[in-house]
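1. Quick one, structure for this:
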Amino acid sequence: MRMLAIRDRLLRKYGRGVRREDYKELWVAAHKLSAPASTFPWPDTHAVASFCMLLEALVKINRLEKKINSQGESIY
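-> Numbering: from 1, shown residues only. Predicted coordinates:
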C-alpha cells in the first residue's frame, strides 16, 4: 500500500476534526522525525508510526480544547 493511501486511511479512521492544513503539516513532521531511520530497510514505516502518534496527540488536543470551550473557559 502506498504511503499516501495509508495516511488517508488513518485519517478516515482516527482523524475526525483534524483540518487538512494540520494533517499535511503532521505528515511533513513525521517524515522529518523519521529521517534518522532512513538508513533502515523500510524508513517509511517509521514515518507512518510517527504520523500516528502525532495525529493521536492532535485529536486529543482538539477534544480537550472543545471540552474546555464548551465550559466557557479559555485554555490560553
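
2. Secondary structure element holding the residue sitting nearest the centre point of the chain?
-> When the chain is reduced to its mean C-alpha position, the closest residue under CA atoms, centre = their mean turns out to be L55, at 2.3 Å. Assigned by DSSP states H and E, L55 belongs to helix 43-70.

3. Report the distance from that helix to the chain centre.
-> Centroid displacement of helix 43-70 relative to its chain, using CA atoms, centre = their mean, to the nearest Å, is 5 Å.

4. buried stuff in stretch 56-65?
-> Of the residues in stretch 56-65, those with enough neighbours to count as buried (16 or more other CB atoms under 10 Å) are 58-59, 62. Any C-beta I mention is one placed from the backbone N, CA and C, and that applies to glycine too.

5. re the thing from before, please give me every residue in contact with the residue nearest to the centre of the chain.
-> By CB atoms under 8 Å, 6 or more residues apart in numbering, the contact list for L55 reads 10-11, 14-15, 18, 23, 26.
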